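A.B. asks: Provided below for reference: sequence and predicted model.
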Number of protein chains: 2
Amino acid sequence: MSEFFSDCLNGLVPYVPGEQPRDKKYIKLNTNESPFAPSPKVIEAIDKGQVSDLRLYSDPTADMLVGAIADYYSVDKDNVVTSNGSDEILAFIFRAFCGKSKGIVFPNVTYGFYKVFAQLFNIDYREIPLKKDFSIDVSDYENISDNVIIANPNAQTGVFLSVENVENLIKQNPERIVVVDEAYVDFGGQTVIPLVKKYKNLIVVQTFSKSRSLAGARVGFCVCDKALADDIKTVKFSFNPYNLNRLSIVAATEAIKDKDYFVKTTSQIIENREFTEKELDKLGFETVSSTANFLLTKPKGISAKELYLALKQKGVLVRYFDNSLISDYVRITVGSREQMEILIQKTKEVLTGGQNA
Amino acid sequence: MSEFFSDCLNGLVPYVPGEQPRDKKYIKLNTNESPFAPSPKVIEAIDKGQVSDLRLYSDPTADMLVGAIADYYSVDKDNVVTSNGSDEILAFIFRAFCGKSKGIVFPNVTYGFYKVFAQLFNIDYREIPLKKDFSIDVSDYENISDNVIIANPNAQTGVFLSVENVENLIKQNPERIVVVDEAYVDFGGQTVIPLVKKYKNLIVVQTFSKSRSLAGARVGFCVCDKALADDIKTVKFSFNPYNLNRLSIVAATEAIKDKDYFVKTTSQIIENREFTEKELDKLGFETVSSTANFLLTKPKGISAKELYLALKQKGVLVRYFDNSLISDYVRITVGSREQMEILIQKTKEVLTGGQNA
């Protein structure tokens, strides 16, 4: 820290992205990326002409993409704001609606970034404990006047809160905002975007990084009432008007229009998740029931940290969180069937201590 | 504004990007884009394989690009931080080094975004008047303890402050940071990046949007002492770790490595600027001497606003600023020779009131 660093950022601990070691080629099951390439229509659309046009600024309103998202979810364009990954739209939301008079609360196991945003913008935050089974008890939020953010399905656990329960959370207090981060909703969950028409205090956040196979394009968005969207746009245009680059606008637009490919690839992930869960069951692992593209599982006969390290040694990266609430678990991204078979095979090798199980 | 908008953002007035009307095809001389496509090496590098890899997250450290920038400017990788356009790195810098105890000052005619960043982060700011000829008088900054940001060459005017004067500004007070925004430095100015080794309170900001023909890729960066760079990284990793997408990292890396193309295209802009200035002289316009890829010029026989509107009518977009200090001027981006010839031709038509001059 330099002598110049702002006092009000004292103690700011940045988010730590999943590791990306480059010492050898790994099977990456640690950052919840898709094992599938983006839609062939994306690959076709990014041609040399598009690259040549990079000399020109992108459309700061990303109108083409906003229109495609609005069409997909049957909302108005006025309800949609796009961003450089969903992390950015989350940052805009924290900046726009929290402050001196309004803090924010979130579950004690969730996306680790919420805490960081709160620190970055000097916002009071509080963590609400999950139940023992990692589910959210909506009644815990009943008397809270601060804004609320949840990930649904929840990050790290994959546990899904029913639409009915989310609606209860929104209804509890119309004076506070409820942000529902649906980064993982497309693998068996159900979006609450339709509720945006009914509730003025709901913001739904989504990303193209998981179910649309575009993690490297950095595209996220939110859907909410027009008044909230306008406020978020005020922050966006005060932070980075041209926040989406030209190629990512094209890529994301093509991706959301290609429903067939989306259905095919997300169904495959769901199938592979079920396969993996069964295989982990056979090993005696306790796996949290997930509707996301990952599984949180408690190994048997070895600690989670040891399993993580041993798998890394064998070229398979999974995620281990140094958080006492889930330190008995590893989080495994659901990849291709082949990747999952290798994961199971390598896990068996680790458990038996041999090179081949 | 919704009822939920944070109190501390009351009065926040977002930045207004240059207009991008789509009612017809314009010759765009209003946002200082390059008339040239990116380097052929950029166009070659963004191939179908790169697009396929968009399923994977980008490298949050953008190591390849950081290395190429460090090589180009003969600094260490530790001195470089990259961003989603230079607007983003400016936002990070405002967040990292200003706050309750440290405000910021800048000239009263400069990049309009500095004021917006200050408002967004609730930072005290003050504008220091330029001299009558639009130059910066460094002695005006002598007794200022707040941080300083200048654009050099200055935005809107194109006026360049000599390296000697910038060094004086930095030396005046080692307890404050001096940010030098060199967005336009490659068109005849001189960078102060070499001074980073000498001064711990200097941050130099640059962009790939102008001289590297990559406005639509959104790539910016700063070069500074490692301690400052680490602080900026702390903010970046607390805001958006994966802030650069995969394709822009590739594009910018290829762009900065292709020195020949850079020299060819920037020299062409300088030549076209000289041509345009001479032609505007012939019309009796008063043009501010510029080392940027634009010209600020005071028309003769017509008001600036009228000229802007009349040129727009004729399919040529220039920029008019509703700022009393420069409201007698229009700002014209220097494009290709052909574009400049059309600009002059259309301007003559406007002045004579006819369809053909």
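C.D. replies: Yes, it's here. Numbers count the residues shown, from 1 in each chain, chains lettered A, B, ... in the order given.
A.B. asks: Which helix or strand contains the closest residue to chain B within the stretch 251-357 of chain A?
C.D. replies: Residue nearest to chain B within the stretch 251-357 of chain A (Cβ to the nearest Cβ): residue A:251, separated by 6.4 Å. C-beta coordinates here come from the backbone N, C-alpha and C atoms, glycine included. For residue A:251, the host element (DSSP states H and E) is helix A:246-257.
A.B. asks: Could you do residue A:302 as well?
C.D. replies: With DSSP H and E as the test, residue A:302 turns up in no helix or strand.
A.B. asks: ok, residue A:113 - contacts?
C.D. replies: With contact set as Cβ atoms under 8 Å, 6 or more residues apart in numbering or on different chains, residue A:113 has these partners: A:15, A:87, A:90.
A.B. asks: The residue lying closest to the second one once chain neighbours are set aside: what's it in contact with?
C.D. replies: Which is residue A:87. Excluding the flanking residues, the one nearest residue A:87 by Cβ to Cβ, 6 or more residues apart in numbering or on different chains is residue B:240, at 4.8 Å. By Cβ under 8 Å, 6+ apart, the contact set of residue B:240 is A:84-85, A:87-88, A:91, B:84, B:88.
A.B. asks: 7 Å instead, please
C.D. replies: Contacts of residue B:240 were listed using Cβ atoms under 7 Å, 6 or more residues apart in numbering or on different chains, and they are A:84-85, A:87-88, A:91.
A.B. asks: How about residue A:114?
C.D. replies: The neighbourhood of residue A:114, defined by Cβ under 7 Å, 6+ apart, consists of A:106, A:149.
A.B. asks: I believe it is in a helix; please confirm or correct that.
C.D. replies: Yes - in this structure, residue A:114 lies within a helix as judged by DSSP: H, G, I helix; E, B strand; the rest coil.
A.B. asks: hang on, the earlier thing: would you list the contacts of residue A:113 in TSV and tack on secondary structure?
C.D. replies: Putting the contacts of residue A:113 into TSV (three-state DSSP) gives the following:
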residue	secondary structure
A:15	coil
A:87	helix
A:90	helix
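A.B. asks: From those, pick the one nearest residue B:260.
C.D. replies: Taking Cβ to Cβ as the measure, residue B:260 lies nearest residue A:87 of the contacts of residue A:113, at 37.3 Å.
A.B. asks: Now for that closest one, how many residues are close by?
C.D. replies: Counted with other Cβ atoms under 10 Å in any protein chain shown, the neighbours of residue A:87 add up to 26.
A.B. asks: and residue A:196, how many residues sit next to it?
C.D. replies: Count around residue A:196 with other Cβ under 10 Å applied: 25.
A.B. asks: got a pLDDT number for it?
C.D. replies: If you check residue A:196, the pLDDT there is 98.
A.B. asks: mind listing what it touches?
C.D. replies: A:75, A:79, A:202, A:204, A:223-225.
A.B. asks: for chain A, which helix is longest?
C.D. replies: If you go by DSSP state H, chain A has its longest helix at helix A:259-282.
A.B. asks: could you give the angle of it to helix A:246-257?
C.D. replies: For helix A:259-282 against helix A:246-257, the angle by axes from the mean of the first three to the mean of the last three Cα atoms, to 10 degrees is 80 degrees.
A.B. asks: Show me what the helix or strand just after helix A:259-282 is in contact with.
C.D. replies: The helix or strand immediately downstream of helix A:259-282 is strand A:286-287, counting by DSSP H and E. Contact with strand A:286-287 is made by A:277, A:280-281, A:295, A:297-298, as judged by Cβ under 7 Å, 6+ apart.
A.B. asks: Please apply the same query to stretch A:333-351.
C.D. replies: Stretch A:333-351 is contacted from outside by A:27, A:29-33, A:35, A:269, A:272-273, A:275-276, A:279, A:283, A:293-295, A:301-302, A:307, A:310-311, A:314, A:316, A:332, A:355-357, using Cβ under 7 Å, 6+ apart.
A.B. asks: which of those residues count as buried?
C.D. replies: For those, a burial check counting by 16 or more other Cβ atoms under 10 Å in any protein chain shown picks out A:27, A:29-33, A:35, A:269, A:272-273, A:276, A:279, A:293-295, A:302, A:307, A:310-311, A:314, A:316, A:332.
A.B. asks: Which of these fall within helices?
C.D. replies: Among the buried ones among the contacts of stretch A:333-351, DSSP H puts A:269, A:272-273, A:276, A:279, A:307, A:310-311 in helices.
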